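1. Below are the sequence and a predicted model; questions follow.
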Amino acid sequence: IHVTCHAQRIPTYFHWNGFFLIFIITIFCFPVWAIDPSLPQNRLGLMATILLTSISFRSTITSKLPLTSYLTLIDKYSITQIVFDLLCTLYHAIIGYWMNNDKLVDPKSRSRLPDYIMFFILLSLFILLNLTFFIWIIRVAYIPRRALEQQIPWIIMDKQYSSSSSSTTTTFETERI
């Protein structure tokens with residue numbers, strides 16, 4: 001007798017409560033450009049808040065996952081977005097320093113053109129990173145999952161959760177097709 005058991009997580013919870021919320025937190029990097037670049041204290045305060053929110057949210061998500069010796073897809077995505085937040089924060093520090101300490105340029109004639117250019121560069125990078133990651137998730141996670149489901153077509157598992165005040169029970173019903 002040869003018995004094979006395959007178990008896998010249903011990733012829907014982490015799509016909405018992980019990937020999507022990390023995406024939303026990172027999107028808040030872009031409204032910071034509405035603040036004048038000559039006010040780096042305001043820009044950096046907001047970016048520090050976004051960066052710390054991303055880090056604490058990653059910690060929360062990681063605590064809900066089992067401990068593994070490798071990085072999961074959500075780990076890779078959250079680390080990528082934290083690096084992007086850090087890149088935006090460093091840019092705001094540099095542009096703030098340049099706008100306030102460049103003695104060669106008259107403050108009234110300083111243009112926001114470098115700020116606009118960097119905004120569109122970082123926005124393009126953000127879109128490219130997220131599209132690449134989305135395609136990668138489909139190729140790495142969904143296509144193999146669908147292929148595995150086609151190899152095991154005769155079992156349908158229906159999870160029903162019932163919770164009481166102190167515990168959660170899980171029942172599985174299987175039916176033959």
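-> Cool, got the structure.
2. quick one: the helices in this protein?
-> Under the criterion DSSP state H, helices of the chain are mapped to 12-14, 20-27, 40-64, 73-101, 113-137, 143-151.
3. Of all those, which one is nearest H2?
-> Of all those, helix 143-151 sits nearest to H2, with 14.7 Å by C-beta to C-beta. No exception for glycine: its C-beta is placed from N, CA and C like everyone else's.
4. Tabulate the helices of the chain in TSV, adding columns for mean neighbour count and distance to T4.
-> As requested, those are exported to TSV (neighbours: other C-beta atoms under 10 Å; distance: least, C-beta to C-beta, whole Å):
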stretch	mean neighbour count	distance to T4
helix 12-14	12	25
helix 20-27	16	34
helix 40-64	16	28
helix 73-101	17	25
helix 113-137	13	26
helix 143-151	10	10
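5. May I see those helices arranged in TSV, with mean pLDDT as well?
-> Putting the helices of the chain into TSV (pLDDT from 0 to 100) gives the following:
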stretch	mean pLDDT
helix 12-14	70
helix 20-27	94
helix 40-64	93
helix 73-101	91
helix 113-137	92
helix 143-151	69
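6. Out of these, which gets nearest to C5?
-> Closest among the helices of the chain, once you apply C-beta to C-beta, is helix 143-151, at 12.6 Å.
7. on that earlier part again, can you tell which of the helices of the chain is closest to V3?
-> Per C-beta to C-beta, nearest to V3 of the helices of the chain: helix 143-151, 15.3 Å.
8. Quick check: L21 touching R58?
-> No - the pair L21 / R58 is not scored as a contact, 10.6 Å apart, by C-beta atoms under 8 Å.
9. most centrally placed residue in the chain?
-> Nearest to the geometric centre of the chain sits I22, at 3.6 Å (C-alpha atoms, centre = their mean).
10. pretty sure that one is touching Q81, no?
-> Yes - look at I22 against Q81 with C-beta under 8 Å: they come within range, at 5.3 Å.
11. Residues that sit against both of the two, list them.
-> S54 (C-beta atoms under 8 Å, 6 or more residues apart in numbering).
12. and the gap between the residue nearest to I74 when sequence neighbours are not counted and L65?
-> In space, and not counting its chain neighbours, I74 is closest to G18: 4.8 Å by C-beta to C-beta, 6 or more residues apart in numbering. To L65, G18 is 9 Å away according to C-beta to C-beta, to the nearest Å.
13. So for those two, which sits in the more crowded spot?
-> Counted by other C-beta atoms under 10 Å, G18 and L65 do not tie: G18 has more neighbours, with 24 against 13.
14. gap between the more buried one and Y70?
-> 17 Å.
15. for S78, same thing?
-> Distance from S78 to Y70, by C-beta to C-beta: 15 Å.
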